[in-house]
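> got a sequence here, can you build the structure:
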Amino acid sequence: RPDAGFVPAILVERVHYLPQAPWPEAAAGTGASLQRLQAGAYGNDPVNWVAAPPSPGSPLPTLDADGDGLPDWWEQSYGTNPNVPDADLDPDLDGFTNRQEFLAGTHPLDPRSCLRLSILPGTGSISLEFLAVSNRSYSIVYRDSLGGTGWFRLLDLPAHPTNRLHHTLLPTTNVSSRLYRLVTPSLP
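Numbers count the residues shown, from 1 in each chain. Have a look, this model is predicted:
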């Protein structure tokens with residue numbers, strides 16, 4: 001609404017935060033602060049926020065002492081060293097680097113905590129299953145041969161406030177072979 005000085009007021013962005021899931025619950029009066037992951041990301045989407053140790057005057061993306069792309073709050077939370085570049089290491093030997101574990105929302109020191117797509121054959125169908133982590137979006141993509149070019153989008157799954165086992169049943173009619181891949185965050 002315009003003010004008396006003839007300067008219009010423009011609402012640039014409005015964020016409606018609730019101190020409950022799907023928003024990061026650790027920021028609801030427990031000492032952690034609600035911090036935006038990317039300044040240009042949509043502000044009203046809970047997946048673009050994280051509960052982290054307070055950092056007055058310093059936005060979260062710059063809090064990376066070793067410059068390895070892993071935020072210090074994440075390295076401190078999971079026991080990796082925020083002063084040693086370790087994004088490409090795999091301390092739990094599960095086949096996923098610390099960077100991949102950060103993006104997937106999994107624990108870098110627990111080999112059972114990783115992003116895996118299970119493909120279970122059935123009669124006339126296959127089942128795709130994986131453990132979806134809260135506040136993460138996913139895409140399932142496919143291609144019809146190893147030498148194929150590009151991946152094709154099969155399914156997009158929006159972020160959910162809780163961890164859950166996702167299950168997709170697909171018919172196998174007219175498909176001789178197919179490769180599937182799980183991606184997080186979901187593809188744009």
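
> rest of the way, CA atoms for contacts and neighbours
Noted.

> quick one: residues contacting the spatially most central residue of the chain.
Geometric centre of the chain, nearest residue: residue 136, 3.9 Å, by Cα atoms, centre = their mean. Contact analysis of residue 136 by Cα atoms under 8 Å, 6 or more residues apart in numbering lists 47, 104, 105, 158, 159, 160, 184, 185.

> ramachandran coordinates for the fourth one?
In other words, residue 158. Backbone torsions of residue 158, given as degrees, to the nearest 10, read phi -70, psi 160.

> pretty sure it sits against residue 137.
Yes: Residue 158 lies in contact with residue 137 (Cα atoms under 8 Å); the separation is 4.7 Å.

> which of these two has more residues huddled nearby?
residue 137 (19 against 13; other Cα atoms under 10 Å).

> and the gap between the more buried one and residue 174?
29 Å (Cα to Cα, to the nearest Å).

> and the residue nearest to the centre of the chain, how far from residue 96?
17 Å.

> list the buried residues of whichever strand or helix holds residue 101.
For residue 101, the host element (DSSP states H and E) is helix 98-104. Using 16 or more other Cα atoms under 10 Å as the test for burial, helix 98-104 gives 98, 99, 100, 101, 102, 104.

> quick one: contacts for the fourth one?
In other words, residue 101. Residue 101 neighbours (Cα under 8 Å, 6+ apart): 107, 108, 114.

> out of these, who's the most crowded?
residue 108 (26 neighbours).

> A helix includes that one, no?
No: under DSSP: H, G, I helix; E, B strand; the rest coil, residue 108 falls outside any helix and is assigned coil.

> any weak-confidence spans in this protein?
Scanning the chain for pLDDT under 70 picks out the ranges 1-12, 29-31, 38-41, 55-62, 186-188.

> switch to 50 and redo it
Counting by pLDDT under 50, the chain contains low-confidence ranges at 1-2, 11, 58, 60-61.

> which single one of the buried residues of helix 98-104 is nearest to residue 72?
Nearest to residue 72 among the buried residues of helix 98-104: residue 102, at 11.5 Å, using Cα to Cα.

> pretty sure the closest one is touching residue 70, no?
Yes: between residue 102 and residue 70 there is a contact under Cα under 8 Å: 7.3 Å.

> helix or strand for residue 135, which one?
Under DSSP H and E, no helix or strand contains residue 135.
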